[in-house]
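K.L.:
Can you look at this prediction? I've put the sequence above it.
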Amino acid sequence: MLIGIDASRAFINNRTGIEEYSYQVIKNLRDKLKSHQVVLYVRRSQKSKAESQKLPENWRIKVVKWPYFWTQIGLSLELLFYSVDVLFVPAHTIPFVHPDNTVVTIHGLEYEFCPNAYSFWEKIYMRCVIKNSCQWAKTIIAVSNNTRNDLMKLYEVLPEKIKVIYEGYDSNFQFSIFNFQSNSNDKSSKLKPCLLFIGRLEERKNICGIVKAFEILKEKYKIPHKLILAGNPGFGFNKIKYEIQVAKYKNDIILKGFVRDEEKYELLRNAEVFLFPSFYEGFGLPILEAQSAGTPVVTSNISSMPEIADSSAILIDPNSPQEIAKATYELISEEKLKNDIINRGLENVKRFSWEKCGEEVSNLIMDKK
């Protein structure tokens with residue numbers, strides 16, 4: 001069997017979200033599909049990074065040299081002249097030319113639920129792309145039951161066409177980075193107490209709500225903490241920056257920018273509370289990353305977040321900075337509650353792994369029921 005995989009999101013620097021999913025799934029498909037011929041389609045700029053990976057002998061890298069509309073023109077032309085038996089697209093955009101047996105992963109419909117967090121053209125583009133992908137795919141992977149329900153309700157996708165496969169997290173995250181084992185509950189190495197958010201700094205992630213909650217925590221509860229916001233700027237960042245500039249405690253708010261894995265784990269490990277009150281998530285991977293580092297999580301009671309966190313996080317209304325602040329202070333001030341949430345989080349992450357995700361994706365590609 002000849003299998004094609006769109007790897008254009010996998011082999012890039014500074015991976016987040018969908019890019020990390022693409023990389024981890026492909027990485028975990030290597031052993032599962034090593035006896036099959038696999039073609040990884042990449043852009044010209046990704047060639048050297050893709051070639052640095054340890055790939056099975058039957059796998060090869062194909063550079064699609066097309067500068068614009070890479071998927072719909074470049075990849076379509078490649079598949080027109082050199083067809084494959086099955087195509088796997090980890091990042092929701094199926095090319096116009098594709099085999100009948102195409103599997104696509106849909107990560108969420110954020111633009112439908114948070115329309116103000118996207119430009120007009122972004123919404124039009126995403127709606128068109130994902131609706132076409134849902135129509136063209138033989139099988140759709142939804143990363144959560146919430147995403148599956150959204151696809152059925154908004155786009156009328158037949159339930160039998162959708163398979164829910166959870167994302168994973170790197171269970172050896174901390175140990176693959178460091179040469180020593182550290183206690184995830186030990187926060188003694190941090191210099192100053194801090195609250196933490198990691199993700200794209202955009203309106204959908206409710207960064208302004210975090211800043212307002214932090215103001216309440218400083219003013220009402222007199223906490224000594226800093227607030228660290230780590231991630232690249234996204235849509236609506238100017239509004240976020242303004243909210244920080246006018247904040248009374250702006251000197252205690254730190255913008256870290258994008259952080260690599262080494263620094264990410266240290267930030268997570270040393271944070272007292274991880275704040276993730278997003279307005280919508282297809283999955284919510286940062287919840288698991290924080291829990292795996294032994295950090296308690298405050299997250300939203302909507303979208304996929306209750307599904308992923310289950311009872312292992314404090315769930316709040318993301319539209320209420322007061323509620324975010326209250327839940328955060330309870331974790332800071334109540335040691336028994338904090339330890340309970342930490343232990344529940346460490347147990348919760350055991351439900352997820354990239355290896356399991358790769359196994360289930362492999363079964364779909366091979367059409368195993």
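P.N.:
Noted; the coordinates are in hand.
K.L.:
Which helix or strand in the protein has the lowest average pLDDT?
P.N.:
Ranked by mean pLDDT, DSSP states H and E, the weakest helix or strand in the chain is helix 173-177, scoring a mean of 41.
K.L.:
Now the element after it, going C-ward?
P.N.:
strand 194-198 (DSSP states H and E).
K.L.:
Which residues outside that following strand are in contact with it?
P.N.:
Residues outside strand 194-198 that contact it (Cβ atoms under 8 Å, 6 or more residues apart in numbering) are 205, 207, 210, 214, 217, 225-231, 259, 264, 267-268, 270-276, 286, 289-290, 295, 328. For glycine as for every other residue, the C-beta is placed from the backbone atoms N, C-alpha and C.
K.L.:
So which elements touch the helix or strand harbouring Y21?
P.N.:
Assessed by DSSP H and E, Y21 sits inside helix 18-29. Here helix 18-29 touches helix 354-365, going by 3 or more Cβ pairs under 8 Å, 6 or more residues apart in numbering; DSSP states H and E.
K.L.:
so the helix holding Y21 versus helix 354-365, what angle?
P.N.:
Comparing the axes of helix 18-29 and helix 354-365 via axes from the mean of the first three to the mean of the last three Cα atoms, to 10 degrees yields an angle of 80 degrees.
K.L.:
Please tell me how far the closest residue in space to P90 that isn't next to it in sequence sits from N238.
P.N.:
Excluding the flanking residues, the one nearest P90 by Cβ to Cβ, 6 or more residues apart in numbering is S22, at 4.2 Å. Taking Cβ to Cβ, to the nearest Å as the measure, S22 falls 29 Å from N238.
K.L.:
Please look at V157 and C134 and confirm they touch.
P.N.:
Yes: between V157 and C134 there is a contact at 5.1 Å, judged by Cβ atoms under 8 Å.
K.L.:
Can you pull out the low-pLDDT segments for the stretch 151-300 of the chain?
P.N.:
Scanning the stretch 151-300 of the chain for pLDDT under 70 picks out 171-191.
K.L.:
the helices in it, which residues?
P.N.:
With DSSP state H, counting those that start in this stretch as the criterion, the stretch 151-300 of the chain has helices at 173-177, 207-219, 237-245, 261-270, 285-292.
K.L.:
out of the ones you listed, deepest packed?
P.N.:
helix 285-292 (a mean of 26; mean count of other Cβ atoms under 10 Å).
K.L.:
elements contacting that helix?
P.N.:
Packed on helix 285-292, when contacts are counted by 3+ Cβ pairs under 8 Å, 6+ apart, are helix 173-177, strand 194-198, helix 261-270, strand 273-276, strand 297-300, helix 305-309, helix 335-348.
K.L.:
at 7 Å instead, please
P.N.:
Packing partners of helix 285-292 (3 or more Cβ pairs under 7 Å, 6 or more residues apart in numbering; DSSP states H and E): strand 273-276, strand 297-300, helix 305-309, helix 335-348.
K.L.:
could I get these as CSV with mean neighbour count and distance to K356?
P.N.:
What follows is the helices and strands packed on helix 285-292, written out as CSV (neighbours: other Cβ atoms under 10 Å; distance: least, Cβ to Cβ, whole Å):
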stretch, mean neighbour count, distance to K356
strand 273-276, 26, 23
strand 297-300, 27, 21
helix 305-309, 22, 14
helix 335-348, 16, 14
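K.L.:
Kindly reformat those as CSV containing distance to V361.
P.N.:
Putting those into CSV (distance: least, Cβ to Cβ, whole Å) gives the following:
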stretch, distance to V361
strand 273-276, 25
strand 297-300, 26
helix 305-309, 18
helix 335-348, 22
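K.L.:
Among those, which comes closest to V86?
P.N.:
V86 lies closest, by Cβ to Cβ, to one member of these: helix 305-309, at 28.7 Å.
K.L.:
What mean pLDDT does the closest one get?
P.N.:
Summarised as a single mean, pLDDT over helix 305-309 is 97.
K.L.:
Give me the next element, helix or strand, following that helix.
P.N.:
strand 314-316.
K.L.:
can you give me how far that next one is from the chain middle?
P.N.:
Distance of strand 314-316 from the chain centroid (Cα atoms, centre = their mean, to the nearest Å) equals 19 Å.
K.L.:
which secondary structure elements does that strand contact?
P.N.:
Applying 3+ Cβ pairs under 7 Å, 6+ apart, we find strand 314-316 packed against strand 297-300, helix 321-333.
K.L.:
can we see that at 10 Å?
P.N.:
Applying 3 or more Cβ pairs under 10 Å, 6 or more residues apart in numbering; DSSP states H and E, one finds that strand 314-316 makes contact with strand 297-300, helix 305-309, helix 321-333, helix 335-348.
K.L.:
of all the ones you listed, which lies closest to L75?
P.N.:
Closest among the helices and strands packed on strand 314-316, once you apply Cβ to Cβ, is helix 305-309, at 31.3 Å.
K.L.:
Longest helix of the protein, counting residues only.
P.N.:
Taking DSSP state H as the criterion, the chain has its longest helix at helix 120-136.
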